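# fold the following.
(2 chains)
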2 protein chains.
Amino acid sequence: MQKSPLQIARGNYNPKMPVALQGSVAIQEGALTQSVADQDEIKQLFPNTYGLPVISLVPGDAQPFPAVNVGVILSGGQAPGGHNVIAGLFDGLKKINPESKLYGFLNGPSGLIENKYTELTADIIDEYRNTGGFDIIGSGRTKLEEPWQFDKGIEACKQLNIKAIVIIGGDDSNTNACVLAEYYKQKNAGIQVIGCPKTIDGDLKNAQIETSFGFDTACKVYGELIGNLQRDANSAKKYWHFIRLMGRSASHIALECALQAQPNICIISEEVEAKNLTLNDIVEQIVNVIVARADAGLNFGTILIPEGLIEFIPAMRRLIAELNDLLATNDEFNTLESDDEKRQYVKAKLSHESSQLYRDLPKGIARQLTLDRDPHGNVMVSQIETEKLLIEMVAKRLAIMKGEGTYKGKFSALNHFFGYEGRCAIPSNFDADYCYSLGRTAAMLIAEGKSGYMAIVQNLTKPADEWQAGGIPITMMMNMEKRNGKMKPVIQKALVDLEGEPFKYFAAHRDEWADAHASYIYPGPIQYYGPSEVCDQPTRTLKLEHQA
Amino acid sequence: MQKSPLQIARGNYNPKMPVALQGSVAIQEGALTQSVADQDEIKQLFPNTYGLPVISLVPGDAQPFPAVNVGVILSGGQAPGGHNVIAGLFDGLKKINPESKLYGFLNGPSGLIENKYTELTADIIDEYRNTGGFDIIGSGRTKLEEPWQFDKGIEACKQLNIKAIVIIGGDDSNTNACVLAEYYKQKNAGIQVIGCPKTIDGDLKNAQIETSFGFDTACKVYGELIGNLQRDANSAKKYWHFIRLMGRSASHIALECALQAQPNICIISEEVEAKNLTLNDIVEQIVNVIVARADAGLNFGTILIPEGLIEFIPAMRRLIAELNDLLATNDEFNTLESDDEKRQYVKAKLSHESSQLYRDLPKGIARQLTLDRDPHGNVMVSQIETEKLLIEMVAKRLAIMKGEGTYKGKFSALNHFFGYEGRCAIPSNFDADYCYSLGRTAAMLIAEGKSGYMAIVQNLTKPADEWQAGGIPITMMMNMEKRNGKMKPVIQKALVDLEGEPFKYFAAHRDEWADAHASYIYPGPIQYYGPSEVCDQPTRTLKLEHQA
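Numbers count the residues shown, from 1 in each chain, chains lettered A, B, ... in the order given. Take a look at the predicted model:
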């Protein structure tokens, strides 16, 4: 296999670790826990995994542990550092007992159900240390939710004598990990389940989890690109760059990138929803900045747009919901021939407010909402090129203002979408270190017989030496939420907190970033070597959240 | 001005230089030169700047030089390293005589004509060392072609006592630099003109110029992103990534990125033209690879597409030319109301072959060709999203094959365009070093009274110590070409040489890269610190061209 020079060099990197993981490790049990809300329901649903104590790893005399076979699963979208969780897990298990074995279930949770696996040997692990991607065993989006799936898992584990499963995933996957842990305890299956907090979106965080892994690297890749575009904008002086960024459920990525690069505009979906803004309000905000900069002779700039924006605009969400209801199983609609007839049909059937909104949308987007639907008949929201929608609406508004004499600039826009570019980047030192520690921690939790826990590492704004590793009961992070019409126990998803320090910093500075004096910062590419202030810094979000 | 940690760290980087530039420098005149073709015409057009000797810089006793005021111009699209050319020029001029001054003409060649300038002081220069972008003085696309412009330049220079102008630009800008040099010599204006070879596209190279600056950095940025997408494709195992890359006149960027990352498919425009391929041929080539990989269970991959592809497909080029002729000043067409009428009108008027091709194009692209036109009525070729065009045509073909039972895979495609992301990146060590040396070299050529020369640095695959700096007469690279209907003296543009080593290496390996065994390489982000094999390597193109 041919490798780039950096791939080869990164193969030799030794992740930095908390002191507790460097030598012999012992565990310390802390206070018993409660779920963040709905304690009675959660307790009832998780009689065997509820209320367990918080666990800290501390330096201490390691007991001799028996060898153990472990299975690992990568669940959901890729995030930089996944391979290091697995490498840490492997090294941790071998340290505990060299006879331990690690199996990887292939292509996500379906690997467990279908009993598809590979043994992860030292040779394989060494090929993937400090690399990006989930290709070591693949990932997948199958949800582990049904008892028949859990039972299949028992069969697969029995065959390999697997005593513990580590699930590396986001909020939903970790919720399911806990359901699985509970089920296996109830059944006395003899299989522990441990979760690890993964997602570039950054929406799996709370009082215990400071950040999910991958967020750091992905945001730094996007930050590099945004910085480059800003330098280009500032040099060519003729383009507005509309940049859509991954992150459908929350705007953490957009916010972090704004903190890194200080663009002229960044839209935060959570704020749009809180203020009940319309699409026209957003267009107006953008137009105001463009006009003010044009008045100062600056016909260029950068705008960050979170991928999920459309769904956070209350009126758009209602329109989409109405369209889904109207079109999902509408045979009458499906018999209509021309696009025009379909549009007319839709306009007539929507509520007054939604019909009006639909009418005002640019043609291309209206078409996308009406005609491009997924196999269940639903609008494919993630396919909507919100950055192009906004460019079109902004251009229209500016043309009107030009006619009225209130805008005298030139408007040329370029659109970008950054997402896939960051999900499999080579992990930053931060993510490489953090993930390796998570894996080592998971190994210790397994050795200590824990189940229904998530491996965590805290104190992440400090040097890695001072990080604190441990485990928290997954039930601790749960509450009851309505999903597909039914109340379910789930880990609370962390949206951007409009009262939190990262947003407050952004809100306090955005006017300054919008105006004529350049405030652009150029983060540049992730560096793995060189001065520590260049190579080992956590995200701005993490620093602001933990600066106090 | 707030800066990122990397920005601050890069401010302290000292570019590496050829030995000849490290101490006292002398010049050595080599053989007299001839233009690459059309010697008689070129000689006649450039009586004062034709046939000059090649110049080498060598260690030697520097004469004392008088102070000199110099103007510098950034011309055309941004390229990483432009600021270092200026920093090298500044340091070189100050070394020659501390009383020398450097002025920057603002926003490209128009700054000279309009006499808009700024003095570049040490404080300003220090802010921009080793940074990306052209924002120190801005760039622009005004062409210096007319005597009245040249005369305006004389006025501007007189006012500031400027004795030499350095033009940093691509092939056209350097052609114009030579015309300007010739004009000033004829007029005895006392203004020297020196060029510097810039362009990320890599199409300004020849026997003397090994590479234009910026190509290295830009390709490494794209290589990083392509590698990341490949890791994602290889992990998620469900997407074909169609990636369009900047480079309209030549496919050097696509080829270099292919050599760096080894994607499944890379299309080279020059090959398409040489083989007289049709759009359908290209679709068929892509489909063949997709089907073969699907048969091996791999429904994912990466495809690189050069931005200029459309114009290299002979039949498409004819269609576009016909459309331009037909629609530019066609009042009849402009009175037509509906898109449908317009399409029908066009179909009827085109030649049989073009009409057929037009009919077969996906609707969206046909629409773009007919309706979206620039102020001169021409098709806006650079706006055509060729990657989407190919996705649509490939999907259509695969659907047919699925019906016939010859394709059993799943096809999901994602599209990307990378261009602006790389033009203003922080220059790689290579570009930082190379550009700084070019600037220092330009200063020496000025001190020695040269004009009509381009600053060059050769031997670039060796360590910087061993690089050789000098100057070549710009006329040496010229031939006569038809431009806008008139024969003009121009620097030959370097297209991808289908007999050259980079293409031959690619052609010899592409089947292997296309097939089921992953050959992906993951270049990762540009590194500025760390092992030299990671940080200081030139492009693969340069290495292959000079390996013999």
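
# for stretch A:403-418, give the mean pLDDT please.
Averaging pLDDT along stretch A:403-418 yields 97.

# repeat that for stretch A:295-310.
The model assigns stretch A:295-310 a mean pLDDT of 96.

# and stretch A:421-430, end to end?
Its first and final residues considered, stretch A:421-430 spans 18 Å by C-alpha to C-alpha, to the nearest Å.

# chain center to that stretch: distance?
13 Å (C-alpha atoms, centre = their mean, to the nearest Å).

# and if you look at stretch A:468-475?
Worked out by C-alpha atoms, centre = their mean, stretch A:468-475 lies 20 Å from the chain centre.

# which residues does the residue nearest the centre of chain A contact?
Geometric centre of chain A, nearest residue: A:Asp201, 2.0 Å, by C-alpha atoms, centre = their mean. By C-beta atoms under 8 Å, 6 or more residues apart in numbering or on different chains, A:Asp201 lies in contact with A:170, A:212, A:215, A:246-250, A:252-253. No exception for glycine: its C-beta is placed from N, CA and C like everyone else's.

# could you pull up phi and psi at A:Gln44?
Backbone torsions of A:Gln44, given as degrees, to the nearest 10, read phi -70, psi -40.

# between the contacts of A:Asp201, which is closest to A:Asp331?
Checking those against A:Asp331 with C-beta to C-beta, the nearest one is A:Arg248 at 30.8 Å.

# state the pLDDT value of the closest one.
Value for A:Arg248, per-residue pLDDT: 87.

# and if you look at A:Arg367?
So A:Arg367 comes in at 80 (pLDDT).

# how many residues are close by it?
A:Arg367: 14 surrounding residues under other C-beta atoms under 10 Å in any protein chain shown.

# which ones are touching it?
A:Arg367 sits next to A:339, A:343 when contact means C-beta under 8 Å, 6+ apart.

# from B:Thr370, how far off is it?
Remark: distance between A:Arg367 and B:Thr370 (C-beta to C-beta, to the nearest Å) = 18 Å.

# repeat for A:Arg397
Distance, A:Arg397 to B:Thr370, using C-beta to C-beta: 27 Å.

# got it, and A:Gln260?
In terms of C-beta to C-beta, A:Gln260 sits 42 Å off from B:Thr370.

# if I look at A:Asp515, what pLDDT would I see?
So, for A:Asp515, pLDDT stands at 88.

# show me the contact partners of stretch A:167-180.
Counting by C-beta under 8 Å, 6+ apart, A:46, A:49, A:72-77, A:82, A:85-86, A:109, A:143-145, A:150, A:153, A:165, A:193-199, A:201, A:203-204, A:212, A:452, A:454, A:474-475, A:478, A:489-493 sit against stretch A:167-180.

# how near is A:Leu327 to A:Gly308?
Look at A:Leu327 and A:Gly308: by C-beta to C-beta, they are 22 Å apart.

# scratch that, A:Thr335
33 Å.

# in terms of neighbours, single out the busier of these two.
A:Gly308 (22 against 8).

# might you report the residue contacts of the closest residue to the more buried one other than its chain neighbours?
Counting by C-beta to C-beta, 6 or more residues apart in numbering or on different chains, A:Gly308 lies nearest to A:Arg248, which is 3.9 Å off, once chain neighbours are set aside. By C-beta under 8 Å, 6+ apart, A:Arg248 lies in contact with A:201, A:306-308, A:311, A:381-382.

# which helix or strand contains A:Arg248?
Using DSSP states H and E, A:Arg248 sits in no helix or strand.

# state the distance from A:His252 to chain B.
20 Å (C-beta to the nearest C-beta, to the nearest Å).

# what's the pLDDT at that residue?
With respect to pLDDT, A:His252 has a value of 98.

# equivalent analysis for the one 10 residues further on, please.
With respect to pLDDT, A:Gln262 scores 98.
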